[in-house]
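Visitor: Fold the following and give me the result.
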Amino acid sequence: MAEVIRMPRMSDTMEEGVIVGWLKNEGDDIEPGDILAEVETDKATMELESYWEGKLLHIAIKEGPVPVDAVVAVVGEEGEDYKALLESEGQVSSDKKEDSGEDSTAEKEKPEQSAEKEEKKESEKPAAPTPSDDDRTKASPLARKMASDKGIDLSLISGSGDGGRIIKRDVEKAIESGVKTPAPSSAISIQSGEDQTIRLSQMRKIIGKRLSESKYTSPHFYLTVEVDMDNAIAARKSLNAGDEDVRISFNDIVIKAVAMALRKHPYVNASIDDEKITLHGDINIGVAVAVDEGLMVPVIHHADYKSLSQIKAEIGDLARRARDRKLKPEEMQGNTFTISNLGMFGIDEFTAIINPPDACILAVGTINTKPVVKNGQIVVGNTMKITMSCDHRVVDGAVGAQFMQTLQDYLENPMKMLR
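Guide: Now for the predicted structure:
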């Protein structure tokens with residue numbers, strides 16, 4: 001008996017998926033475990049797996065957006081009639097549409113032909129004369145010729161004839177006084193550019209929806225600290241000395257420091273819904289990764305228990321697969337705090353929008369070398385600004401400030417993270 005294949009919900013926030021392409025064709029034999037198509041969700045490009053056995057009788061949607069639970073294909077035995085099944089699902093097969101003559105070519109051509117006729121009529125109309133400045137100025141024919149020969153703008157001459165009309169003696173007077181038409185400015189040849197329209201991807205739609213809800217639902221406030229990074233620079237140099245395989249980055253150090261600080265400040269490692277605040281027992285750090293379509297946030301679970309080298313290896317693997325859109329749903333879920341680092345792009349300081357359901361997000365800027373005061377002396381130092389966006393429904397100013405003090409202490413004294 002024929003069965004329909006529906007668009008599955010491949011992530012917790014997925015409302016529709018975009019079929020990128022089919023790996024099976026109509027008439028192909030399929031078995032459980034076969035990959036039927038590639039589907040772009042709000043978080044990754046995933047594979048539509050078969051749980052059925054039989055012939056792929058019909059593909060309802062070749063490519064494009066499909067709502068969750070909508071019919072995408074029909075599987076059954078060879079030669080089986082599936083059209084009644086589609087009609088019961090509120091769909092009509094493409095064959096039936098063609099037979100019914102819907103969207104006939106003749107009907108489509110009517111408005112196009114009408115538009116062409118209108119355009120032709122407009123092009124055949126004589127162009128209305130555009131009066132020049134000289135035409136609008138009252139002047140005798142002789143005065144006009146004299147002014148043209150001498151390169152004089154009539155609008156610069158006051159007429160002494162009837163009604164202010166410019167006559168011969170007015171032009172002669174202007175010639176004597178040295179009136180000239182201003183030289184035209186050099187013309188610049190500008191070629192108009194073409195607008196480009198880009199269809200919103202599922203990821204971009206969800207990013208816009210979720211962050212808009214976050215910005216206008218969560219009462220944001222911001223806390224900024226400038227961190228002395230001299231000790232962190234020295235520690236990183238020591239950790240990487242003689243080891244070419246694992247190169248610890250400043251981002252790895254920030255992730256570890258955040259995880260250690262969250263253990264001491266549970267209200268920052270929290271989330272909120274309409275009725276309750278949840279203080280999470282695990283510390284799972286979401287790390288924002290830029291991809292072509294927008295932003296993905298893979299999660300490092302139990303980050304407080306992992307070493308710097310483990311964090312380095314894990315974030316490297318997650319970021320690489322995020323850019324390839326190959327992350328699994330569970331690798332993008334469960335975050336309790338998020339870090340967005342734009343320091344590698346040279347950004348000094350910025351504020352980030354909270355990534356729901358987290359209560360906070362940390363924005364990390366670049367390390368700047370500049371004059372600083374140490375022990376009463378002006379010396380060359382290295383500083384980095386970090387800004388935490390807080391949901392005031394969960395985190396009060398004092399709680400957020402205490403967390404930032406702890407985080408600053410870990411970053412300025414990284415050896416404390418080894419205790």
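
Visitor: can I assume Val291 is in contact with Ala322?
Guide: Yes: with contacts defined as C-beta atoms under 8 Å, Val291 counts as touching Ala322 at a distance of 6.1 Å. From N, CA and C alone the C-beta is placed, and that goes for glycine too.

Visitor: Neighbour count for those two, which is higher?
Guide: Ala322 (24 against 15; other C-beta atoms under 10 Å).

Visitor: thinking in terms of the whole chain, how far from its middle is the helix or strand harbouring the more buried one?
Guide: Assigned by DSSP states H and E, Ala322 belongs to helix 308-323. Distance of helix 308-323 from its chain centroid, counting by C-alpha atoms, centre = their mean, to the nearest Å, is 22 Å.

Visitor: What are the contacting residues of stretch 270-280?
Guide: Pro266, Tyr267, Asn269, Thr336, Pro356, Pro357, Asp358, Ala359, Asp391, Arg393, Val394, Val395 (C-beta atoms under 8 Å, 6 or more residues apart in numbering).

Visitor: Wait, a helix at the second one?
Guide: No: judged by DSSP: H, G, I helix; E, B strand; the rest coil, Tyr267 forms no part of a helix; its state is coil.

Visitor: Pull up the gap between it and Asn382, please.
Guide: 31 Å (C-beta to C-beta, to the nearest Å).

Visitor: so how far is Lys209 from the spatially most central residue of the chain?
Guide: The centre of the chain sits closest to Gly294, judged by C-alpha atoms, centre = their mean, with a distance of 4.0 Å. With distances taken as C-beta to C-beta, Gly294 is found 12 Å from Lys209.

Visitor: try Gly376
Guide: 53 Å.

Visitor: higher neighbour count, those two?
Guide: Lys209 (13 against 5).

Visitor: and that one, backbone torsions?
Guide: phi -70, psi -50 (degrees, to the nearest 10).

Visitor: hang on, the earlier thing: can you name the residues that contact the residue nearest to the centre of the chain?
Guide: Counting by C-beta under 8 Å, 6+ apart, Gly294 makes contact with Ser201, Met203, Arg204, Ile207.

Visitor: Counting neighbours, which bits of whatever helix or strand Lys173 lives in end up buried?
Guide: Per DSSP H and E: Lys173 is located in helix 168-177. For helix 168-177, a neighbour-count test (16 or more other C-beta atoms under 10 Å) marks Asp170, Val171, Ala174, Ile175 as buried.

Visitor: how close does Val380 sit to Ile233?
Guide: From Val380 to Ile233 the distance is 12 Å (C-beta to C-beta).

Visitor: Who has more neighbours out of the two?
Guide: Per other C-beta under 10 Å, whichever of Val380 and Ile233 has more neighbours is Ile233, with 16 against 10.

Visitor: The more buried one is in what secondary structure piece?
Guide: Ile233 belongs to helix 230-240, assigned by DSSP H and E.

Visitor: Now tell me what touches that helix from outside.
Guide: Residues contacting helix 230-240 (C-beta under 8 Å, 6+ apart): 246-250, 253, 308, 367, 381-382, 411-415.

Visitor: out of the residues you listed, who has the most neighbours?
Guide: Counting by other C-beta under 10 Å, top hit in the contacts of helix 230-240: Leu411 with 26 neighbours.

Visitor: Helix or strand: which one has that one?
Guide: Using DSSP H and E, Leu411 falls in helix 397-412.

Visitor: Next, the angle helix 230-240 makes with that helix.
Guide: If you take axes from the mean of the first three to the mean of the last three C-alpha atoms, to 10 degrees, helix 397-412 sits at 50 degrees to helix 230-240.

Visitor: now for helix 397-412, which elements pack on it?
Guide: strand 220-228, helix 230-240, helix 250-264, strand 377-391 (3 or more C-beta pairs under 8 Å, 6 or more residues apart in numbering; DSSP states H and E).

Visitor: from those, which stretch is densest packed?
Guide: Each of the helices and strands packed on helix 397-412 was scored by mean neighbour count; the highest is helix 250-264, a mean of 22, by mean count of other C-beta atoms under 10 Å.

Visitor: all strands for the stretch 51-200 of the chain, in order.
Guide: Under the criterion DSSP state E, counting those that start in this stretch, strands of the stretch 51-200 of the chain are mapped to 54-59, 64-67, 71-76.

Visitor: Which one, of those strands, ends up nearest to Ser158?
Guide: Nearest to Ser158, of all the strands of the stretch 51-200 of the chain, is strand 64-67, at 69.4 Å by C-beta to C-beta.

Visitor: Adjacent strands (with direction) for the closest one?
Guide: Strand pairing for strand 64-67, using DSSP bridges, gives strand 16-22 (antiparallel).
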